[in-house]
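> build me a structure from this.
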Amino acid sequence: MTKAVVPAMKQQKSGLIININSQGGLYAKAERSVYTASKWAVTGFTKAMQPELAPFGIAVTGIYPGMLKTDMFNKMGIDKDMSKGLDTKEVAKTVEFLLSFDTPTTFPEIGIKHIAN
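Numbers count the residues shown, from 1 in each chain. Got it, this is the predicted structure:
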């Protein structure tokens, strides 16, 4: 997706790329090596694109939510209680907030970590 949008953003000299990742892109957990590796790759991609695209007025940021209420585990045949996960609408609200700025702004990485009560 980034490859598809960057040429137009460079031409208009502005843009905002938001990569939605996972806490797995920041913290490693045992028995999740492949998942963690894939998420760290997205983190590295995000961080590398920031200085690469900044001279063109393009901001790049990452969102790193914790456990989300999805059916991902069910689809994999794993029975896991997701009731204490973060609602995906909260992540959507974060994206909406970032998009509400008139001009692209360089944002720090946004880590959304849900702590269950």
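> quick one: the nearest residue to Asp71 once chain neighbours are set aside from Pro51, how far?
Ranked by Cβ to Cβ, 6 or more residues apart in numbering and with sequence neighbours excluded, the top spatial neighbour of Asp71 is Met82, at 7.8 Å. To be clear about C-beta, it is placed using only N, CA and C from the backbone, and glycine gets the same treatment. Taken as Cβ to Cβ, to the nearest Å, the spacing of Met82 relative to Pro51 amounts to 37 Å.
> nearest the middle, which residue of this protein would you pick?
The central residue of the chain, meaning the one whose C-alpha is nearest the mean C-alpha position (Cα atoms, centre = their mean), is Ile20 at 1.9 Å.
> residues in contact with that residue?
Listed by Cβ atoms under 8 Å, 6 or more residues apart in numbering, the contact set of Ile20 reads 62-63, 65, 91, 95.
> those residues in strands, which ones?
Under the assignment DSSP state E, the contacts of Ile20 contribute 62-63, 65 to strands.
> ok, Asn9 - how many residues close by?
Not Asn; residue 9 is Met. Other residues within reach of Met9, judged by other Cβ atoms under 10 Å, total 19.
> tell me the secondary structure for it?
Local secondary structure at Met9 is given as helix here, using DSSP: H, G, I helix; E, B strand; the rest coil.
> let me see the contact set for it.
Met9 sits in contact with 15, 17, 53, 56-58, where contact means Cβ under 8 Å, 6+ apart.
> from Gly57, how far off is it?
8 Å.
> now list whatever residues contact both of the two.
When contacts are counted by Cβ under 8 Å, 6+ apart, the set common to Met9 and Gly57 consists of Gly15.
> and the strands in this protein?
According to DSSP E, the strands that the chain contains are 15-20, 58-65, 110-112.
> looking at these, which is closest to Lys39?
The closest approach between Lys39 and any of the strands of the chain, judged by Cβ to Cβ, belongs to strand 58-65 at 8.5 Å.
> for the closest one, packing partners?
Packing partners of strand 58-65 (3 or more Cβ pairs under 8 Å, 6 or more residues apart in numbering; DSSP states H and E): helix 2-12, strand 15-20, helix 33-53, helix 88-99, strand 110-112.
> what's the burial count for Gly85?
Number of residues near Gly85 (other Cβ under 10 Å) recorded here: 16.
> nice, that's everything, thank you.
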